[in-house]
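> My questions are about this predicted structure, shown below with the sequence.
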Amino acid sequence: MDPSLFSVVTPILLMALFGVPHGGLDAALIKMTIAPNRQVFTFGIYIAIALLCIMVWYALPTVAMVLFLALSCWHFGKSDIVDQNLSHPLLHILARGGIWTLFLPLIHWSTTEPIFAQLRTDTELIKIGLSGILPLWALGFCALIYVALATRTVKSLAVPVLALALVPLLPPLWSLGLYFCLWHARRHTQQTVAQLSDKANARRLSYGITAITLGIALMVFTIMPAEISLDTAMVRIFFVGIFALTVPHMILIDYYLPRTYSLGTHL
């Protein structure tokens, strides 16, 4: 059996099936919180931003990857503490998010470098950048532990310390997939649905948008050149697609809805 089927293809499929649907709730948020006469415009802007992100990735893949890692760091870290009243929240966000966007790729560099290469990025430049930031991140994580001990909020360290311990033990896409599906996506779904009045319709919209998204991904897969391997095709479709969806997703729920409609941030 091709090792990539276990280490690359399977975790990507699981993230697509069980992680992507939480982003599909954006459609429900737009439909249920934005005035009807502005919904089509908002959907259009959302899709336009996603298409722009795809074009940026294919024109400047290394720049897009750096932006993706930075946004993901913020996205994951902020999501982890959204329901907690913690001192020094910025420290928590960067320390937690950096586990997945900095520590994970570097600790498994022999495995993650080929993935960065499949995405057409300058792997040497990516490694230099991540390695340069790592000491600052490690210092921030130590500061987070100090603050937790000083403020007697050690319980707040349970999730990041557990993640930090598990990341070296599991293949990188598996540890990322477990976090993405079982923690990040699950909590985001619960927090988002709780804010909507028609919860059943919100879930139906989420599943519908997810089906459309996966259908588009399948269409792209069928037209990719035959010489591209299965794992390379999966990596490109999944990560470029996630980048394209992450940017409008964050703009919508972190900036537009909280400021325009007084909707609680629920990343």
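Arrived safely, thanks for sending.
> how near is residue 220 to residue 135?
39 Å (CB to CB, to the nearest Å). In this view, the C-beta of every residue, glycine as well, is placed from N, C-alpha and C.
> Looking at those two, which is more packed in?
Neighbours per residue (other CB atoms under 10 Å) separate residue 220 from residue 135, with residue 220 holding more: 14 against 9.
> ok, that one - contacts?
Going by CB atoms under 8 Å, 6 or more residues apart in numbering, residue 220 touches residue 237.
> Which residues belonging to the helix or strand containing it are considered buried?
Using DSSP states H and E, residue 220 sits in helix 199-223. Across helix 199-223, burial judged by 16 or more other CB atoms under 10 Å covers 202-203, 205-206, 209-210, 213-214.
> okay, those in a markdown table with pLDDT next?
Below are the buried residues of helix 199-223 laid out as a markdown table (pLDDT from 0 to 100):
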| residue | pLDDT |
| --- | --- |
| 202 | 85 |
| 203 | 86 |
| 205 | 85 |
| 206 | 87 |
| 209 | 90 |
| 210 | 91 |
| 213 | 93 |
| 214 | 93 |
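> Of these, which pair is most distant in space?
202 and 214 (18.7 Å; CB to CB).
> And residue 199, how far from residue 181?
20 Å.
> Identify the spatial nearest neighbour of the spatially most central residue of the chain, chain neighbours not counted.
Nearest to the mean C-alpha position of the chain, counting by CA atoms, centre = their mean, stands residue 72 at 5.1 Å. Distance criterion CB to CB, 6 or more residues apart in numbering; nearest residue to residue 72, sequence neighbours excluded, is residue 101 at 5.0 Å.
> what kind of secondary structure is the one you found in?
Put simply, residue 101 is helix when judged by DSSP: H, G, I helix; E, B strand; the rest coil.
> which ones are touching it?
Contacts of residue 101 (CB under 8 Å, 6+ apart): 69-70, 72-73, 76.
> Now which of those residues would you call buried?
Using 16+ other CB under 10 Å as the burial test, the contacts of residue 101 include 69, 72-73, 76 as buried.
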